[in-house]
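> model this:
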Amino acid sequence: MTTTPHRVVIVGAGFGGLETTYRLAGAPVEITLIDRRNHHLFQPLLYQVATASLATSEIAWPIRHLMRDRPEVTTLFATVSGVDAARRRVLIDDGSEVPYDTLVLATGARHAYFGHDEWEQFAPGLKTLEDGTTLRRHILVAFERAERETDPEKRAARLTFVIVGAGPTGVELAGTIAEMARHTLPGDFRNIDTTKARVVLIEAGPRVLAGFADDLSAYAQASLEKIGVEVVLGQAVTEINREGVVFGGKLLEAKTRIWAAGVRASPAAEWLDAPADRAGRVQVKDDLSIPDHPEIFAIGDTVLINAWEGKPVPGIAPAAKQQGRHVAETIKARLRGEPTGPFRYKHSGSLAQIGKRLAVIDFGRIKLRGTIAWWIWGIAHIYFLIGLRHRLSVALSWLWIYARDQRAARLITQGSSKVV
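As a prediction, the model looks like this:
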């Protein structure tokens, strides 16, 4: 008599989903990995695609290639539309179903515009590879259109870049765009002075990088302002339209607007009719399982859990990987009939880059800033890239930018010159 392997379905091939898959290697399970894209994205470096520092192929890998040596893993390129928890079925948008014994939801997050979804068409966010290439096009086209513009006011609007939200993504985008305008592009244009471009970072809160220590936040703001970024604090954006951004009761005309202010979890809570917070994150039990559904786990940006010394676990890649590891170990322990324990998050530090040679790092007791922090930031990110070729490629790209102020990925690859 043959025994049917335990069926594990993992929805999402981000950091959490991929870590769960890796950690289940050797277990008596049959895994189905479902994602609506065919690649795993190293999201911490996505902003460098948007700012022409790296190519898309340097931070993304085909999921099938990553699973090529795992015969027990079946990869499905599909979009999940729901979960039938009673029948233990994952529902696909084409009407098909995938049965499971254990389900892991690692479905990530999407942009949140705080009730103003109409702003998305004017201020795109940065979550996917498509977002990265779209923003790169917007940024590069802004300079190209400014080169042809003869009206001084319209040219100024073309050369004004507004980033809403001063978390790590907003700070990194603002600093990199400013560095590009002041050091990479000046020699490439004849009719405009790219060093005159305005980069405006708007934050509703009292400081940039709110998750970092006060002194590192102050250093980051001073560093941004030193390279030409205009930092606006304590001002909530009240409107975004085709002409620009409204804050403080005034319109700032800007043709390039980027949203980095908030995220909302995927609809996993809706699929399961499970309790969720205002951002849509599923409120899981201490072992990351769904209340009343011990066979279903949720991890990463999808969940809310106070497992960091009583505080909510941050929505960052290391947290998702730790959760994926815990879920995999829990599944294996259950299959062996052994007891399992709660998830506990171990924070290894917060990092953010400011321009091409500066960064801040908060390890708790140890805090670093400046060039030494930038080198550590770079080494840490290269270490977590998949494959020697990608590590070497990214390292060489960064060294070239560091030494020559040149960005090799300045390609406008979508549409034509007639499209703004």
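> test my guess that Ser53 contacts Asp405.
No - taking contacts as CB atoms under 8 Å, Ser53 lies outside contact range of Asp405: 11.3 Å. (Glycine included, C-beta is placed from N, CA and C.)
> more crowded one of those two?
Using other CB atoms under 10 Å, the more surrounded residue of Ser53 and Asp405 is Ser53, with 25 against 16.
> contact partners for that one?
By CB atoms under 8 Å, 6 or more residues apart in numbering, the residues touching Ser53 are 176, 397-398, 401, 407, 409.
> repeat that with 10 Å
Listed by CB atoms under 10 Å, 6 or more residues apart in numbering, the contact set of Ser53 reads 45, 47, 136, 176, 179-180, 184, 356, 394, 397-398, 400-401, 407-410.
> quick one: what helix or strand has it in it?
Assigned by DSSP states H and E, Ser53 falls within no helix or strand.
> find residues that contact each of Ser53 and Asp405.
In contact with both Ser53 and Asp405: 179-180, 184, 356, using CB under 10 Å, 6+ apart.
> the residues you listed in strands, which ones?
In strands, judged by DSSP state E, none of the shared contacts of Ser53 and Asp405 are found.
> looking at those, which is nearest Arg70?
Lys356 (38.1 Å; CB to CB).
> mind checking the SS state of Leu368?
Three-state assignment for Leu368 (DSSP: H, G, I helix; E, B strand; the rest coil): strand.
> got the phi and psi for the residue nearest to it when sequence neighbours are not counted?
Leaving aside its chain neighbours, Leu368 sits nearest to Ile361 (4.4 Å; criterion: CB to CB, 6 or more residues apart in numbering). Backbone torsions of Ile361, given as degrees, to the nearest 10, read phi -130, psi 130.
> repeat that for Asp287.
Dihedral angles (degrees, to the nearest 10) for Asp287: phi -100, psi 10.
> where does the prediction get shaky in the chain?
1-2, 408, 415-420 (pLDDT under 70).
> can you list the domains in it?
6-36+78-111+263-336, 117-261 (the TED database).
> starting at the chain centroid, how far to the shortest one?
Right, domain 6-36+78-111+263-336. Relative to its chain's centre, domain 6-36+78-111+263-336 lies at 18 Å (CA atoms, centre = their mean, to the nearest Å).
> spit out the contact partners of the residue most central in space within the chain.
In the chain, the residue lying closest to the centroid (CA atoms, centre = their mean) is Gln43, at 4.3 Å. Residues counted as contacts of Gln43 (CB under 10 Å, 6+ apart) are 14-15, 59-60, 108, 126-129, 132, 169, 316-317, 320.
> rewinding a little: distance to Asp69 and neighbour count for the shared contacts of Ser53 and Asp405 - can I get that in TSV?
Listed next are these as TSV, based on distance: CB to CB, whole Å; neighbours: other CB atoms under 10 Å:
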residue	distance to Asp69	neighbour count
Glu179	40	25
Met180	39	26
Thr184	40	21
Lys356	37	20
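> surely Pro206 meets Ala218?
No - the pair Pro206 / Ala218 is not scored as a contact, 11.2 Å apart, by CB atoms under 10 Å.
> more neighbours: the two, which one.
A count of neighbours by other CB under 10 Å puts Ala218 above the other of Pro206 and Ala218, at 14 against 9.
> okay, helices next: where are they in this protein?
For the chain, helices defined by DSSP state H occupy the ranges 15-23, 46-50, 63-66, 129-148, 152-158, 168-179, 214-226, 268-272, 317-336, 371-384, 388-404.
> list the buried ones in the fourth one?
Just to be clear, that refers to helix 129-148. 129, 131-143, 145-147 (16 or more other CB atoms under 10 Å).
> again with the last one
Residues of helix 388-404 classed as buried under the neighbour-count rule (16+ other CB under 10 Å) are 390-391, 393-394, 397-398, 401.
> cool, and the fifth one?
Neighbour-count burial for helix 152-158, counted by 16+ other CB under 10 Å, picks out 155-158.
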